[in-house]
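Novice: just to be clear, the model below is a prediction. Sequence and coordinates:
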Amino acid sequence: MDAVELARKLQEEATCSICLDYFTDPVMTACGHNFCRTCIQTSWEKAKGKKGRRRQKGVFPCPECREMSPQRNLRPNRLLTKVAEMARQHRGLQERDLCPAHQEPIKLFCLEDQSPICVVCREAQEHREHRVLPVEEALREYKDRVKDRRERIMVEFEKVALFLAEEEQRLLRALKREEEETAMQLRNSKATLDQQRRSLDLLLLQLEDQSLREPLQMLQDMKGTLARKRNLSVQCPEVAVPAVVRTVCRVPGQRDVLRGFQEEVMPDPTSAYPYLLLYESRQRRYLSPLPEASTACGRDRFLAYPCAVGQQSFSSGRHYWEVGMNLLGDALWALGVCRDNVSRKDRVPKSPENGFWVIQLSKGKQPLSPGPTTPVTLTEPPSHIGIFLDFEAGEVSFYSVNDGSHLHTYSQAAFPGPLQPFFCLGAPKSGQMVISTVTMWVKG
């Protein structure tokens, strides 16, 4: 007998046949049957008032076998009291283990309906044609499936980890080769410059020596000196620019991972520069028409730059969004995040010290070396840029959506407070910026 059947038998033995509930103060009649004291007394009280054949006074029939039993012969059954208490506390007899429709133990699992059923349900029309398994077997099969899925996940992630490790080594080797090539170019350039310097020093010494001679002798030796000067070819060596790194970090699958944190970022029209137009393509309407002079100087509106911030404010978690760009001019744009309390009335450098973590975008301008007050500038910006904010890690990273390459990462111990997406355009007719379904440009 399995545990479920044993629990079922225990339930039957601990149940009163009158109230169909567990025994309360059980008593035994003369015929050996058990009932709750209240239940049997109530049953006999009702029998007193019924008309029928005459019975001996104080004698009543047993509700189960109908044998006559004197009322005074009810004996307490203390053992059954303990059994009933055990049945109440047995978790195998809780309501969740019984079929709600038939009050039978749930022993089967219907594979078609993916639901547990009892033996009575199995014979019903609803499940008669379905494939069923014992609950233990279905549970074992499910555990095997979970185990297989867990192993498959581990294998696939091991493959990805191995592939990423190999890709990491490949990129590091490429970067090492680039470093060695650049160093060799610099060494060759230095050797060429050293050789030319020595030749020029020698020629200079000869000229100084001849300048001390007599005029006639100096003129006689001048022909040879001028010939050596003509034969001395001073060449500028090829310039190697260490600041420009050709090897680009592209992590396969990175964009798919980042999109797991993607937000639908929307610019806030109430923060937009007065002449910054926002057009919502989904609703086909302007969000920020040119304000009147009286409303142009709102408390939250940017007045120093053609900027706007997002409606969202982030103070925890990881968040990712993408911005499309169509740059027409060479004016500087800026993109990233800013503190929610940055100055909106004054012109300040867009640097972390002032609450801005941004990259600048331009065409044709020489990149500026990042410094305490100078953001990173891209001279060949991609048409789409992804921004990833990891608030707890204190990082803001920028990626090219076009080829998946990493552009730049700001990193600090912690952010000073809530951050908002930040968008800043150049002068009029310098292009457009697209955030989600909103297009922004500066009115000319």
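Specialist: Okay, I see it. Everything quoted here is computed from the prediction, not taken from an experiment.
Novice: just for the stretch 101-250 of the chain, where's the confidence low?
Specialist: Counting by pLDDT under 70, the ranges of the stretch 101-250 of the chain that qualify are 210-211, 213-214, 216-245.
Novice: in the stretch 151-300 of the chain, which spans are helices?
Specialist: Remark: helices assigned in the stretch 151-300 of the chain by DSSP state H, counting those that start in this stretch are 215-231, 254-259.
Novice: in space, what's closest to Trp44 - neighbours in sequence excluded?
Specialist: Phe60 (4.3 Å; C-beta to C-beta, 6 or more residues apart in numbering). Where C-beta positions appear, they are placed from N, C-alpha and C, glycine not excepted.
Novice: mind giving me the packing neighbours of the host helix or strand of the one you found?
Specialist: Assigned by DSSP states H and E, Phe60 belongs to strand 59-61. On a contact count with 3 or more C-beta pairs under 8 Å, 6 or more residues apart in numbering; DSSP states H and E, strand 59-61 meets helix 37-48, strand 68-70.
Novice: partner strands of the last one, with direction?
Specialist: What that stands for is strand 68-70. strand 59-61 (antiparallel) (DSSP bridges).
Novice: what is the burial count for Leu204?
Specialist: By other C-beta atoms under 10 Å, 10 other residues sit near Leu204.
Novice: please apply the same query to Thr270.
Specialist: 14.
Novice: cool, Leu407 as well?
Specialist: Leu407: 18 neighbours (other C-beta under 10 Å).
Novice: how about Lys46?
Specialist: Neighbours around Lys46, by other C-beta under 10 Å: 9.
Novice: before we move on, back to that, who are the contact partners of the residue nearest to Trp44?
Specialist: Shown in contact with Phe60 (C-beta atoms under 8 Å, 6 or more residues apart in numbering): Ser43, Trp44, Ala47, Met68, Ser69, Gln71.
Novice: can you put those in CSV and add distance to Phe261 and pLDDT?
Specialist: Listed next are these as CSV, based on distance: C-beta to C-beta, whole Å; pLDDT from 0 to 100:
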residue, distance to Phe261, pLDDT
Ser43, 69, 83
Trp44, 73, 81
Ala47, 75, 72
Met68, 80, 84
Ser69, 76, 79
Gln71, 77, 72
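Novice: CA atoms only: put stretch 23-33 into PDB for me.
Specialist: Extracted as PDB, the C-alpha positions of stretch 23-33 are listed here (Å, rounded to 0.1, in the frame of the first residue of the first chain):
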ATOM      1  CA  PHE A  23     -14.400  12.700  14.800                       C
ATOM      2  CA  THR A  24     -15.000  15.100  17.600                       C
ATOM      3  CA  ASP A  25     -15.300  13.400  21.000                       C
ATOM      4  CA  PRO A  26     -15.900  10.000  19.400                       C
ATOM      5  CA  VAL A  27     -18.000   7.400  21.200                       C
ATOM      6  CA  MET A  28     -18.700   3.700  20.500                       C
ATOM      7  CA  THR A  29     -22.200   2.100  20.500                       C
ATOM      8  CA  ALA A  30     -22.900  -1.400  21.800                       C
ATOM      9  CA  CYS A  31     -22.700  -2.800  18.300                       C
ATOM     10  CA  GLY A  32     -19.100  -1.500  17.900                       C
ATOM     11  CA  HIS A  33     -19.600   1.500  15.600                       C
END
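Novice: that stretch: which residues count as buried?
Specialist: Residues of stretch 23-33 classed as buried by neighbour count (16 or more other C-beta atoms under 10 Å): Phe23, Pro26, Val27, Met28, Thr29, Ala30, His33.
Novice: pretty sure Gly324 sits against Met433.
Specialist: Yes. Gly324 is within contact range of Met433, at 7.3 Å (criterion: C-beta atoms under 8 Å).
Novice: okay, those two: which has more neighbours?
Specialist: Per other C-beta under 10 Å, whichever of Gly324 and Met433 has more neighbours is Met433, with 26 against 15.
Novice: now the more buried one, nearest residue through space, not along the chain?
Specialist: Met440 (4.7 Å).
Novice: how far does the one helix or strand the one you found maps to sit from the chain's center?
Specialist: Secondary structure from DSSP H and E places Met440 in strand 438-442. In terms of C-alpha atoms, centre = their mean, to the nearest Å, the centre of strand 438-442 is set 28 Å apart from its chain centre.
Novice: what packs against that strand?
Specialist: Against strand 438-442 (3+ C-beta pairs under 8 Å, 6+ apart) you get strand 276-280, strand 431-435.
Novice: phi, psi of Cys65?
Specialist: phi -100, psi -10 (degrees, to the nearest 10).
Novice: got it, and Trp357?
Specialist: Dihedral angles (degrees, to the nearest 10) for Trp357: phi -120, psi 90.
Novice: what's the spacing between Tyr286 and Leu193?
Specialist: 61 Å (C-beta to C-beta, to the nearest Å).
Novice: tell me what the helix or strand hosting Val323 is packed against?
Specialist: In the assignment (DSSP H and E), Val323 maps to strand 318-327. Applying 3+ C-beta pairs under 8 Å, 6+ apart, we find strand 318-327 packed against strand 333-339, strand 384-390, strand 431-435.
Novice: sorry, back to before: mind putting the helices and strands packed on strand 438-442 into JSON lines with distance to Glu178?
Specialist: Converted to JSON lines, the helices and strands packed on strand 438-442 look like this (distance: least, C-beta to C-beta, whole Å):
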{"stretch": "strand 276-280", "distance to Glu178": "41"}
{"stretch": "strand 431-435", "distance to Glu178": "32"}
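Novice: right, and the ones you listed - which one's nearest Arg150?
Specialist: Closest to Arg150 of the helices and strands packed on strand 438-442 is strand 431-435 (C-beta to C-beta; 40.1 Å).
Novice: got the CA coordinates for the helix or strand harbouring Tyr410 in PDB?
Specialist: In this assignment (DSSP H and E), Tyr410 forms part of strand 406-411. The C-alpha trace of strand 406-411 is given here as PDB (Å, rounded to 0.1, in the frame of the first residue of the first chain):
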ATOM      1  CA  HIS A 406      32.000  49.700 -28.200                       C
ATOM      2  CA  LEU A 407      32.600  53.500 -28.400                       C
ATOM      3  CA  HIS A 408      33.300  54.700 -24.800                       C
ATOM      4  CA  THR A 409      32.500  54.000 -21.100                       C
ATOM      5  CA  TYR A 410      32.400  56.400 -18.200                       C
ATOM      6  CA  SER A 411      33.000  54.700 -14.900                       C
END
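Novice: not counting it itself, show me its contacts.
Specialist: Under C-beta under 8 Å, 6+ apart, the answer for strand 406-411 is 248-251, 352, 357, 359, 376, 378, 385, 393-400.
Novice: buried subset of the residues you listed?
Specialist: Counted by 16+ other C-beta under 10 Å, these give 249, 251, 352, 357, 359, 376, 378, 385, 395-400 as buried.
Novice: hmm, which two among those residues are most spread apart?
Specialist: So, the buried ones among the contacts of strand 406-411 by C-beta to C-beta: farthest apart are Val251 and Pro352, at 24.7 Å.
Novice: can you flag the buried ones in the contacts of Phe60?
Specialist: Trp44, Ser69.
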